[in-house]
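Trainee: Fold the following for me, if possible:
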Amino acid sequence: MGKVDPMWIWGVGAAGVAALVAWGVHSALPAVPLLTAAVLLGIVVGQLPVLRPAVTGMLAPGLTLASHRLMRLGVVLLGLKLSLVDILGLGWVTITSTVLIVVLTFFGTLWLGRRVGLPGHQPLLIATGFAVCGASAIGAMSGVVKAKDRETATPVALVTLCGTLAIGVLPLLWHPLGLTDLQFGHWVGAGVHDVGQVVATAQIAGSAALAVAVVVKLTRVLMLAPLVAGVAVYERRRAGTVDRTVRRPPVVPLFVAGFLAMVLVRTFVPLPATVLESIDLVQTVLLAMALFGLGTAVRLSELLRTGGKALGVGLASWLLIALLALAAVLIS
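Mentor: Residues are numbered from 1 along each chain as shown. The predicted model follows:
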């Protein structure tokens, strides 16, 4: 744990206010997921010249704390959404195909990002976000590889853009593709990035489709733990090889262990519905604050000048996971 700047309270407070505004946007426009609204609000704030001095000055310590530490805490609590019983209820074919979709999307996007020459950790972060669970997965992975906020900003913007497009595009393809309600829910759960975006997209096909979509999506979320742990092992070995005086990252990051612990709690401990609802609210608020902080680091002017390759990789990854998910639906 690093030293916390005493000025953090201003940035965290701003992130809290932003989470409330995002909640208001979601309440007025239910088709816009709350977390998507939080990211978009952060991106807008980060572009305004009148606010930029505050974002990079007085608010910076708190926004950094929100985008890193609150993100990790939110990911830990995300584990309480996952019950292994619900996942096993999908059947081995669906579970296997979902895992394959994540793996193929992750490594396919990682390969493409490196092939076109994306800088730094961008290929890894884009691959994680598109394969697993959007901006929250990017935030989790960035903590392991120690990516800078500016480096994380482009992947967050891309996964938010493509996830938002999915809310409008996938329903238009539902009937032309001849999918049943449940097949559509499966497709959405396997192919859309953020949990909120999955809910916004699948709910138009009814409660049964929504239930399938959420369980399939949360199965993908469970893949976050082995992916992050695998990268942590790689980074640990690389750090030890390059410079043995550098402190190596833990094999399993603490927040990943916490995430897995919460999955086990949800599976084996009968928690009252009121407790789960309260924790879900806290988790949503934490992630909204964290994603607002990440959004403020996005610089659209730089993205437009230098982000053409990243945009191409993001769109290709979106198409890849959509096609893989559709194939899984049709053969299952």
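Trainee: For the rest of this, base every contact and every neighbour count on C-alpha atoms.
Mentor: Will do.
Trainee: Let me know the secondary structure of Ala327.
Mentor: Three-state assignment for Ala327 (DSSP: H, G, I helix; E, B strand; the rest coil): helix.
Trainee: And for stretch 169-180, what's in contact with it?
Mentor: With contacts defined as Cα atoms under 8 Å, 6 or more residues apart in numbering, stretch 169-180 is touched by 184, 188, 201, 204.
Trainee: Return the distance of the helix or strand that contains Arg266 from the chain's centre.
Mentor: According to DSSP states H and E, Arg266 maps onto helix 254-268. Remark: helix 254-268 is offset 18 Å from the chain centroid, using Cα atoms, centre = their mean, to the nearest Å.
Trainee: and the angle from the helix or strand that comes right after that helix to helix 254-268?
Mentor: For helix 254-268, the succeeding helix or strand toward the C-terminus, using DSSP H and E, is helix 273-296. Angle of helix 273-296 versus helix 254-268, following axes from the mean of the first three to the mean of the last three Cα atoms, to 10 degrees, is 150 degrees.
Trainee: in helix 273-296, what's buried?
Mentor: By neighbour count on 16 or more other Cα atoms under 10 Å, the buried set for helix 273-296 is 279-280, 283-296.
Trainee: Quote the end-to-end distance of stretch 197-210.
Mentor: Across stretch 197-210, the terminal residues are separated by 11 Å (Cα to Cα, to the nearest Å).
Trainee: if we can go back for a sec, keeping just the C-alphas, turn the helix holding Arg266 into CSV.
Mentor: Output in CSV follows, covering the C-alpha atoms of helix 254-268 (Å, rounded to 0.1, in the frame of the first residue of the first chain):
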residue,chain,number,x,y,z
LEU,A,254,-4.9,-9.7,-2.8
PHE,A,255,-8.0,-8.3,-4.5
VAL,A,256,-8.2,-11.4,-6.7
ALA,A,257,-8.1,-13.6,-3.7
GLY,A,258,-10.8,-11.5,-2.2
PHE,A,259,-12.9,-11.8,-5.3
LEU,A,260,-12.6,-15.6,-5.2
ALA,A,261,-13.4,-15.6,-1.5
MET,A,262,-16.6,-13.7,-2.2
VAL,A,263,-17.6,-16.2,-4.9
LEU,A,264,-17.2,-19.0,-2.3
VAL,A,265,-19.2,-17.0,0.3
ARG,A,266,-22.1,-16.5,-2.2
THR,A,267,-22.0,-20.2,-3.1
PHE,A,268,-22.0,-21.7,0.3
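Trainee: Which other helices and strands does it contact?
Mentor: helix 71-78, helix 84-88, helix 224-242 (3 or more Cα pairs under 8 Å, 6 or more residues apart in numbering; DSSP states H and E).
Trainee: which of those is buried the deepest?
Mentor: Counting by mean count of other Cα atoms under 10 Å, helix 71-78 has the highest mean neighbour count of the helices and strands packed on helix 254-268, with a mean of 24.
Trainee: can you list contacts of it?
Mentor: 136, 139-140, 255-256, 258-260, 262, 279-280, 283-284, 286-287, 290-291.
Trainee: Report the contact partners of the nearest residue to Ala261 once chain neighbours are set aside.
Mentor: Excluding the flanking residues, the one nearest Ala261 by Cα to Cα, 6 or more residues apart in numbering is Gly79, at 7.6 Å. Residues counted as contacts of Gly79 (Cα under 8 Å, 6+ apart) are 222, 259-263, 266.
Trainee: Could you take the helices and strands packed on helix 254-268 and lay them out as a markdown table, with extra columns for distance to Leu35?
Mentor: A markdown table is the format used below for those (distance: least, Cα to Cα, whole Å):
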| stretch | distance to Leu35 |
| --- | --- |
| helix 71-78 | 12 |
| helix 84-88 | 24 |
| helix 224-242 | 18 |
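Trainee: Using JSON lines, lay out those together with distance to Gln122 and mean pLDDT.
Mentor: Listed next are the helices and strands packed on helix 254-268 as JSON lines, based on distance: least, Cα to Cα, whole Å; pLDDT from 0 to 100:
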{"stretch": "helix 71-78", "distance to Gln122": "18", "mean pLDDT": "86"}
{"stretch": "helix 84-88", "distance to Gln122": "31", "mean pLDDT": "88"}
{"stretch": "helix 224-242", "distance to Gln122": "14", "mean pLDDT": "78"}
